[in-house]
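Enquirer: what follows is a predicted structure for the sequence shown.
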Amino acid sequence: MATAAASGLGPGSGPGDSPEGPEPEAPERRRKAHGMLKLYYGLSEGETAGRPPGSDPLDPIDLNGAHFDPEMYLDKLRRECPLAQLMDSETDMVRQIRALDSDMQTLVYENYNKFISATDTIRKMKNDFRKMEDEMDRLANNMAVITDFSARISATLQDCHERITKLAGVHALLRKLQFLFELPSRLTKCVELGAYGQAVRYQGRARAVLQQYQHLPSFRAIQDDCQVITARLAQQLRQRFREGGSGAPEQAECVELLLALGEPAEELCEEFLVHARGRLEDELRSLEAELGPSPPAPDILEFTDRGGSGFVGGLCQVAAAYQELFAAQGSAGAEKLAAFARELGGRYFALVERRLAQEQGGGDNSLLVRALDRFHRRLRAPGALLAAAGLAEAATEIVERVARERLGHHLQGLRAAFLGCLTDVRQALAAPRLTGKEGPGLAELLANVASSVLSHIKASLAAVHLFTAKEVSFSNKPYFRGEFCSQGVREGLIVGFIHSMCQTAQSFCDSPGEKGGATPPALLLLLSRLCLDYETATISYILTLTDEQFLVQDQSPVTPVSVLCAEARETARRLLTHYVKVQGLVISQMLRKSVETRDWLSTLEPRNVRAVMKRVVEDTTAIDVQVGLLYEEGVRKAQSSDSSKRTFSVYSSSRQQGRYAPSYTPSAPMDTNLLSNIQKLFSERIDVFSPVEFNKVSVLTGIIKISLKTLLECVRLRTFGRFGLQQVQVDCHFLQLYLWRFVADEELVHLLLDEVVASAALRCPDPVPMEPSVVEVICERG
Amino acid sequence: MPKELESGSPESPDDSSSTTQTLELLCHLDNTAHGNMACVVWEPMGDGKKIISLADNHILLWDLQESSSKAVLASSASLEGKGQLKFTSGRWSPHHNCTQVATANDTTLRGWDTRTMSQIYCIENAHGQLVRDLDFNPNKQYYLASCGDDCRVKFWDTRNVTEPVKTLEEHSHWVWNVRYNHSHDQLILTGSSDSRVILSNMVSISSEPFGHLVDDDDLSDQEEHHQEEKNKEPLQDSVIATYEEHEDSVYAVDWSSADPWLFASLSYDGRLVVNRVPRALKYHILL
């Protein structure tokens, strides 16, 4: 069986079978079949691909191998395999052989027809080719004949052709000669007609030839003629150029022609610049005339427009023409142009700056910004054209300067507005006093001032914000993105204003008008409250607003809010302290006059509280109302409900025995001193001009302290009769009745008033105090 | 109301009378015609024969030379102006051969030439309120200190009266007294009705503005009877010490005429406090 299989397949064409695998899957089989066919036709890739890797192609035992030896294979099988396996492989082999046979048959059948048709085709092709060969032969013959004929014709025509060529050459030469001979007349005509361009072109064409043949007399004559005409032409062109009435493009044309005529470029370039300068200076003059001393100058926008279209446009044209014409001049020429542009640009800038300076006082920022924008935008073109002249940089510088000045102007404006507000307040404060009303609108005035200052700040911010608007051409310059926002607007304008506001306010404290009373106290109070409000809210609000509007990208250090707040608070404190001093001074002057001008020795028995004390109480109440309008109440020390009664008894009864009575005895001074000292040990020292807190009670405490201390000192300088002492007693009791409610610690009032009465008693040779009940009656009556 | 005056000094030396002998009236200044006498000052140098007294709005120069029991009114001048002008205080300048006197009335300081009894300078509004006292720098011509109800002490150069040379604002109530130390004029003593006495060191406007450039590290001694004490750099004006022993207004302060480092202050409650300049400072000045 194994032999049959071997003979059936033949050597070298190993059947597609592997001893190990009866897994006849369809793709596997097909691949194997292909592999075998390829092997048959000797295709090498089939040999390598169809074989399992690693198997030796020379292995005689490999069924699929090319060197399969059936004997060895059988021997091996018989030697190695048990019977059952032999049987298995036998059946397997048979089945594979059968399958291979049927495959073979199918393949042969399938390909048979194709073989037949292929044979037919080949046969037909053979016939056709034979026919074609004949045709080709005939074609070759014909071609040979044609070549022959053609050669003969060319030979015949050769002669004629050469002659024609020669004639054509002669013709062209003659044309050229004719052109040359006609050139002078043509040139003359062109010059007469003003077609300078044409003339220059002709001349250019003829020049080289004439140059070459100038040794021939006839050509020489022509050349001379041409030169004469050209000279005339050049002269005319120069004439025209010099007249200069025509615009820049025509001049440029003239120069171009002159250059083509071979005029020296350097000289032309000089002349060109001189002419350009003349024109531009005319522009500048007209601008200057507009600027002129006469006030009806056009508005700034119009001015920059005119300057932009007139001067800057002209400069652009000149620069472009120059660069085009004198490109050959190289760096020296460029340098010349740059210097030219720099000089004229400088003059233009000077004019613009003068105009801008006139605008500086004006209020309309948007117009100014638009004008600056145009100015800057117009100068970008020549700036790009003439980088060396630095026009764009100079323009940016001007814009920056203007922006800075604008900031300064706004700062001034804000200051002026603030001062104006203060003046308004002063007037408002003065007015109601005339009509007798008691400063009704202090809170309103404060609100007015605050809102008007704030609105001014906002207006200024909005105005300077125009400088950084997106559509403005210079807003993306580094200055406007960084320094302008942080240093200019935030520091210069806003912080500067807050500083100056604080300074202005503080200057009211330092004013030498302590005696003249230049500043109304209400204004001090109002400013103090204003500064305090700034400290608590407004400053941070304004700065936040600024930072939002001007997205500050600059990292340079800025004044922190806390510093400004501290400054504002300090200002508020100083103002309030000053207010206390001023008001205290007013009241203490009143008290002092009342003590100093009276003859206390010969006074009558008191029947009334003196009018001045009532006045003091009235004034204090008025101050209380005034301060109450702007400041909160503040904290008092806890007090009993009927404090006036209680302390009165203390001061009059205890003092009566403790202080006045013993003064009759010789040991009195000792005792009084001891007693008063002991008492003082238990009372705190009174700091008369002590710092004030931001509330009503503290303010009034300060004022009352100052007033009562003055009263005390004045009393000590006087000598009192019995009734004088009693009058002081009455007055003090009256003050006590009414003043305790204003102060933080009523004990203070009591202490000071006790001290006043005690001092008066000491200064009295006949100290007989009044009955407390009588004092009370008098006080209640008055 | 005429005043009896002892020939000692305007500040009546009570204690001397009680311990040694009774006072004897030497001379009577008859000022009935001129009103209340506010201040009497001796000629600081010379033979002590001249007295200036200030009464209401009159400045009177008395001569004791003629007779021992009666002062002769040598010359006088009076202050004219609207309102009732009253002198509050006066000092006799020790410089210029004792020909100058300075007076204070209300807020104004005036200088007078005693030879002609005419005004030589006037500082209007020297203080915001009443001027209480003034003193001449004993070692430096033209320098004058004043104090007043505006709690300030001001130093003036009488050659330029538009601006004070220096202003101190340490007190919290009226300053009643200002005194230069007799020998070391950088030491200024002030007493105030805020019951404090303040000793200040005004080196920069003193006659020895550069001090003694000796470091006193090893000399710094602990002072026992001063509550506050600030050691200070040379050339810097500052408060040396604030004395708060008084319980009531201090109305008078003065330096000892014997010991330049000793001073006394007197307050309303009758307490007299004698203090010494901090020793560290003393050495600092001396060495």
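Expert: Received it, and whenever you're ready, just let me know what you need. The structure presented is a predicted model; accordingly, all values stated were derived computationally and were not measured.
Enquirer: tally up the residues packed near residue B:287, please.
Expert: Other residues within reach of residue B:287, judged by other CB atoms under 10 Å in any protein chain shown, total 12. The way it works is simple: take the backbone N, C-alpha and C, and place the C-beta from them, glycine included.
Enquirer: now do residue B:172
Expert: Neighbour count for residue B:172, taken as other CB under 10 Å: 19.
Enquirer: helix, strand, or coil at residue B:145?
Expert: On the three-state scheme (DSSP: H, G, I helix; E, B strand; the rest coil), residue B:145 is labelled strand.
Enquirer: identify the bridge partners of it.
Expert: Counting by DSSP bridges, residue B:145 is bridged to residue B:135, residue B:155.
Enquirer: verify the stated contact: it with residue B:188.
Expert: Yes. Counting by CB atoms under 8 Å, residue B:145 touches residue B:188, with 6.5 Å between them.
Enquirer: overlap of the contact sets of the two?
Expert: Shared contacts of residue B:145 and residue B:188, defined by CB atoms under 8 Å, 6 or more residues apart in numbering or on different chains, are found at B:153, B:178, B:180.
Enquirer: how about the first one, nearest residue that isn't a chain neighbour?
Expert: For residue B:153, the nearest residue in space outside its immediate sequence neighbours is residue B:168; the separation is 4.2 Å by CB to CB, 6 or more residues apart in numbering or on different chains.
Enquirer: residue contacts, the one you found?
Expert: Neighbouring residues of residue B:168 by CB under 8 Å, 6+ apart: B:152, B:153, B:154, B:188, B:190, B:200, B:202.
Enquirer: tell me which residue is most central in chain A.
Expert: Closest residue to the average C-alpha location of chain A: residue A:481 at 2.8 Å, with CA atoms, centre = their mean.
Enquirer: and that one, what pLDDT?
Expert: pLDDT for residue A:481: 71.
Enquirer: same question for residue B:251.
Expert: Taking residue B:251 on its own, its pLDDT is 90.
Enquirer: pairing partners for the helix or strand it falls within, with directions?
Expert: Residue B:251 is located in strand B:250-255, with elements delineated by DSSP states H and E. Partners of strand B:250-255 in the sheet, by DSSP bridges, are strand B:262-267 (antiparallel).
Enquirer: so which residues make contact with the strand it pairs with?
Expert: Here strand B:262-267 makes contact (CB under 8 Å, 6+ apart) with B:179, B:189, B:191, B:195, B:197, B:199, B:243, B:246-256, B:272-277.
Enquirer: what is the rounded mean pLDDT of it?
Expert: Here strand B:262-267 scores 92 as its mean pLDDT.
Enquirer: ok now that strand, how far from the chain's centre?
Expert: Relative to its chain's centre, strand B:262-267 lies at 13 Å (CA atoms, centre = their mean, to the nearest Å).
Enquirer: quick check: buried residues in the helix or strand that comes right after it?
Expert: Using DSSP H and E, the helix or strand that follows strand B:262-267 in sequence is strand B:272-276. For strand B:272-276, the neighbour count (16 or more other CB atoms under 10 Å in any protein chain shown) marks B:273, B:275 as buried.
Enquirer: name the next helix or strand downstream of strand B:272-276, please.
Expert: From strand B:272-276, the next helix or strand downstream (DSSP H and E) is helix B:279-286.
Enquirer: between that next one and strand B:272-276, how big is the angle?
Expert: Inter-element angle recorded for helix B:279-286 and strand B:272-276: 60 degrees (by axes from the mean of the first three to the mean of the last three CA atoms, to 10 degrees).
Enquirer: in the strand holding residue B:251, what's buried?
Expert: For strand B:250-255, the neighbour count (16+ other CB under 10 Å) marks B:250, B:251, B:253, B:254, B:255 as buried.
Enquirer: now swap in stretch A:351-367 and tell me
Expert: Within stretch A:351-367, the residues scored as buried using 16+ other CB under 10 Å are A:351, A:352, A:355, A:356, A:359, A:365, A:367.
Enquirer: so what touches it?
Expert: With contacts defined as CB under 8 Å, 6+ apart, stretch A:351-367 is touched by A:284, A:287-288, A:291, A:297, A:299-301, A:303-304, A:307, A:368, A:371-372, A:375, A:398, A:401-402, A:405-406, A:409, A:463-464, A:466.
Enquirer: now stretch B:37-50
Expert: By CB under 8 Å, 6+ apart, stretch B:37-50 touches B:3, B:5, B:9-10, B:29, B:31, B:51-56, B:61-65, B:74, B:86-94, B:97-98, B:101, B:114.
Enquirer: which PyMOL command selects the buried ones in these?
Expert: A single PyMOL command suffices to select whichever of the contacts of stretch B:37-50 are buried according to 16+ other CB under 10 Å:
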select buried, chain B and resi 5+29+31+51+52+53+54+55+56+61+62+64+74+86+87+88+89+90+91+92+93+94+98+101+114
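Enquirer: give me the subset of the contacts of stretch B:37-50 lying in strands.
Expert: Members of these lying in strands (criterion: DSSP state E): B:51-55, B:61-63, B:74, B:87-92, B:101.
Enquirer: what's the farthest-apart pair in the residues you listed?
Expert: Taking CB to CB as the measure, the ones in strands among the contacts of stretch B:37-50 reach their widest spread between B:63 and B:88, a distance of 24.5 Å.
Enquirer: just checking, residue A:373 touches residue A:474?
Expert: Yes. Contact criterion CB under 8 Å: residue A:373 and residue A:474 qualify, at 6.9 Å.
Enquirer: the more surrounded of those two?
Expert: Using other CB under 10 Å, the more surrounded residue of residue A:373 and residue A:474 is residue A:474, with 24 against 21.
Enquirer: quick one: the residue of chain B found nearest chain A from residue B:193, how far?
Expert: In chain B, the residue that lies nearest chain A is residue B:128 (3.6 Å; CB to the nearest CB). For residue B:128, the distance to residue B:193 equals 16 Å [CB to CB, to the nearest Å].
Enquirer: same check on residue A:531?
Expert: According to CB to CB, residue A:531 stands 31 Å off from residue B:193.
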